[in-house]
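Visitor: The following block contains a protein sequence and its predicted model.
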2 protein chains.
Amino acid sequence: MTQRVRVQNFGVSRDGIAAGADQTLDQPFGSAVDPMRLFSWAVATASWPNRTEPGGSRGFEDHVIRDFTHGIGAEIMGRNKFGHQRGPWPDDGWHGWWGEDPPFHTPVIVLTHHERPPLPVGDTTFHFVNATPAEALARAFDLANGLDVRIGGGVTTVLEFLDADLIDELHVAIAPVEFGDGLKLWDRPEDLEDRFHLEKITAPSGVEHCFLWRRDGTPVQT
Amino acid sequence: MTQRVRVQNFGVSRDGIAAGADQTLDQPFGSAVDPMRLFSWAVATASWPNRTEPGGSRGFEDHVIRDFTHGIGAEIMGRNKFGHQRGPWPDDGWHGWWGEDPPFHTPVIVLTHHERPPLPVGDTTFHFVNATPAEALARAFDLANGLDVRIGGGVTTVLEFLDADLIDELHVAIAPVEFGDGLKLWDRPEDLEDRFHLEKITAPSGVEHCFLWRRDGTPVQT
């Protein structure tokens, strides 16, 4: 089976913004971007991994959320998704934003110019790798044990993999909000239609879900 | 974890018809119902289990199709879904409509007044059980090893489980076709809104996908 390269549940505003440029420990998405406004649709589903009370929708968006871990064997993320630090890693005990049980449950490659030993947290292991997208993807295919690879973001990392034409399939959720200023995935989803089929579905939440998959039928892994 | 009782990918026409009453070996859905008109949306997805050529959509409907086996540990079906025979089972070597590799990959309970020994086909085993819906469900929960139970149809079986209030969640795909005469699931999906939340999503295929889940929040398994 071909291993695919997938972006899942990536949240942007109507104006294409996924995060602000001014990330801090207190504001992982920057000061102008409220992540709850991007991800409230996901939090409302029954299958949201951090759900603490029963209930939640079992509709279309729940099907998307419960697909998150299916068939995925590794993730690649940028270092800003892993932490707020910049430059050489401080000895601060940081092990990601997710506490003791990160939701990945697979190897995760963290792209960084500052390599360091692998860090296991729960059943996720973070590998800190200084590599091009193509090199990182080869490593991720290997770690994924025959399963697919998720490009987990942030937006800069997704753009790097799009620029290198190393993504098979994207699901992007456009929340009904505008931020005006920040890091943009796109001006509009149609910008990717030269390379990807685009299907848009609007959920009762008001979120417009964009599903994109390669037109040429040739997977990244050939 | 509570085990849920789910109906998945159940196809009906706009007038609520899932099959004709005159099933034969050549026409498993009866003479007036062309199953391709009910299921062409599913066949067009990349994850359709019987796909023989590469390609297919990776959009919303693909997410629904690829969810089919996830978290399911057993299925319950009526005997007409298993075969075209009526009355006592003939010694005809029949082992279902699906060839040597049925798509279930779990134990399957076949409801019948005529019990017979279990029949393994591929990694599916068919159990022929004379029981009420509640008795069959208790048996299926046991066979499912902690996972959910699918009510696989046909329409008569789904209606029996709805009447007994033994279904947690349904996904019904309304195809853009009318058959006029046959076995009806409903006049319209809103008929179930007294007991179920209803979310309707129209796909580019023209199919209206209905997701229904219990309003009272109390699962069937309590």
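Guide: Structure received. Numbering: from 1, shown residues only, chains lettered A, B, ... in the order given.
Visitor: hey, where'd the strands end up in chain A?
Guide: Assigned by DSSP state E, the strands in chain A fall at A:5-13, A:17-19, A:72-78, A:107-111, A:116-121, A:124-129, A:148-153, A:169-175, A:183-184, A:196-202, A:208-214.
Visitor: what would those strands look like in JSON lines with distance to chain B, mean pLDDT and mean neighbour count?
Guide: C-beta: built from backbone N, CA, C; applies to glycine. Converted to JSON lines, the strands of chain A look like this (distance: least, Cβ to the nearest Cβ, whole Å; pLDDT from 0 to 100; neighbours: other Cβ atoms under 10 Å in any protein chain shown):
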{"stretch": "strand A:5-13", "distance to chain B": "9", "mean pLDDT": "98", "mean neighbour count": "22"}
{"stretch": "strand A:17-19", "distance to chain B": "21", "mean pLDDT": "96", "mean neighbour count": "26"}
{"stretch": "strand A:72-78", "distance to chain B": "12", "mean pLDDT": "98", "mean neighbour count": "23"}
{"stretch": "strand A:107-111", "distance to chain B": "22", "mean pLDDT": "98", "mean neighbour count": "24"}
{"stretch": "strand A:116-121", "distance to chain B": "24", "mean pLDDT": "97", "mean neighbour count": "12"}
{"stretch": "strand A:124-129", "distance to chain B": "21", "mean pLDDT": "98", "mean neighbour count": "19"}
{"stretch": "strand A:148-153", "distance to chain B": "12", "mean pLDDT": "97", "mean neighbour count": "26"}
{"stretch": "strand A:169-175", "distance to chain B": "5", "mean pLDDT": "98", "mean neighbour count": "23"}
{"stretch": "strand A:183-184", "distance to chain B": "24", "mean pLDDT": "96", "mean neighbour count": "18"}
{"stretch": "strand A:196-202", "distance to chain B": "4", "mean pLDDT": "97", "mean neighbour count": "18"}
{"stretch": "strand A:208-214", "distance to chain B": "4", "mean pLDDT": "97", "mean neighbour count": "22"}
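Visitor: interface residues of chain A facing chain B?
Guide: A:46, A:54-55, A:57-60, A:62-64, A:66-67, A:70, A:169, A:197, A:199, A:201, A:203-204, A:209, A:211, A:213, A:217 (Cβ under 8 Å from any Cβ of the partner chain).
Visitor: Skipping adjacent residues, who's closest to A:H70 in space?
Guide: B:H70 (6.0 Å; Cβ to Cβ, 6 or more residues apart in numbering or on different chains).
Visitor: That neighbour touches A:F68, doesn't it?
Guide: No. B:H70 lies out of contact with A:F68 (Cβ atoms under 8 Å); the separation is 11.2 Å.
Visitor: Report the central residue of chain A.
Guide: For chain A, the residue lying nearest the average C-alpha position, counting by Cα atoms, centre = their mean, turns out to be A:G152 (2.6 Å).
Visitor: Report pLDDT for A:Q3.
Guide: For A:Q3, the pLDDT comes out at 96.
Visitor: who's in contact with it?
Guide: A:73, A:141, A:144, A:146-149, A:221 (Cβ atoms under 8 Å, 6 or more residues apart in numbering or on different chains).
Visitor: show me what contacts A:S57?
Guide: Taking Cβ under 8 Å, 6+ apart, one finds A:44-46, B:197, B:199, B:213 in contact with A:S57.
Visitor: How much space separates it from A:R66?
Guide: 11 Å (Cβ to Cβ, to the nearest Å).
Visitor: which residues are common contacts for these two?
Guide: Contacts common to A:S57 and A:R66, judged by Cβ under 8 Å, 6+ apart, are A:T45.
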